[in-house]
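Undergrad: This is the structure alone, sequence omitted:
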């Protein structure tokens, strides 16, 4: 449970860093220090591609419902978006030939044809700390197994 002094966004960030932070850091990603974005539920890890003008981003977008994240009637949710771009912000348009952007669910289910998630437009939902931890672990495994190698160009979806 969140403490009275901790917002749902602060608690999500704490668990995000606890569950995936070490693995993302080991892969060269850094959580951007942007408290105003964190307050809005956006948590972005970034990595500059060596020798390139490109940056890869892993964004977690949290939608916390009600005054607390733990409202069982309206569970909170998050999704993950992956971007490789020459722009300083992943949502800015780019004409760079290596620009890519995909939601993690679409990348895994549609592009790689791995039916591990129920659909392409997937949001991980949670109503408890335990559910949040499991959802972050699942998304982290998919980011490490599919997202990071795809962003680096080391792993491409099957053709045809």
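TA: That came in fine, so what should we check first? Quantities reported herein were computed from a predicted structural model and do not represent experimental measurements. Numbering: from 1, shown residues only.
Undergrad: can you pull out the strands in this structure?
TA: Using DSSP state E, the strands of the chain run over 30-31, 42-48, 55-63, 76-85, 100-103, 124-126.
Undergrad: Can I get those in CSV including distance to residue 144?
TA: C-beta: built from backbone N, CA, C; applies to glycine. Output for the strands of the chain, formatted as CSV (distance: least, Cβ to Cβ, whole Å):
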stretch, distance to residue 144
strand 30-31, 15
strand 42-48, 12
strand 55-63, 10
strand 76-85, 12
strand 100-103, 16
strand 124-126, 15
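Undergrad: so which of these comes closest to residue 147?
TA: Closest approach to residue 147 among the strands of the chain (Cβ to Cβ): strand 76-85, 4.8 Å.
Undergrad: what angle do the closest one and strand 42-48 make?
TA: Interaxial angle, strand 76-85 versus strand 42-48 (axes from the mean of the first three to the mean of the last three Cα atoms, to 10 degrees): 30 degrees.
Undergrad: What pairs with strand 76-85, parallel or antiparallel?
TA: According to DSSP bridges, strand 76-85 forms sheet pairs with strand 55-63 (antiparallel), strand 100-103 (antiparallel), strand 124-126 (antiparallel).
Undergrad: Please work out which of those is packed deepest.
TA: The highest mean neighbour count among those, using mean count of other Cβ atoms under 10 Å, belongs to strand 55-63: a mean of 21.
Undergrad: outside of it, which residues touch it?
TA: Applying Cβ atoms under 8 Å, 6 or more residues apart in numbering, the external contacts of strand 55-63 come out as 8-9, 12, 16, 24, 29, 41-49, 76-88, 90, 123, 139, 143, 147-148, 151-152.
Undergrad: Please pick the buried ones from the residues you listed.
TA: Buried members of the contacts of strand 55-63, scored by 16 or more other Cβ atoms under 10 Å, are 8-9, 12, 16, 24, 29, 41-47, 49, 76-87, 90, 123, 139, 143, 147-148, 151.
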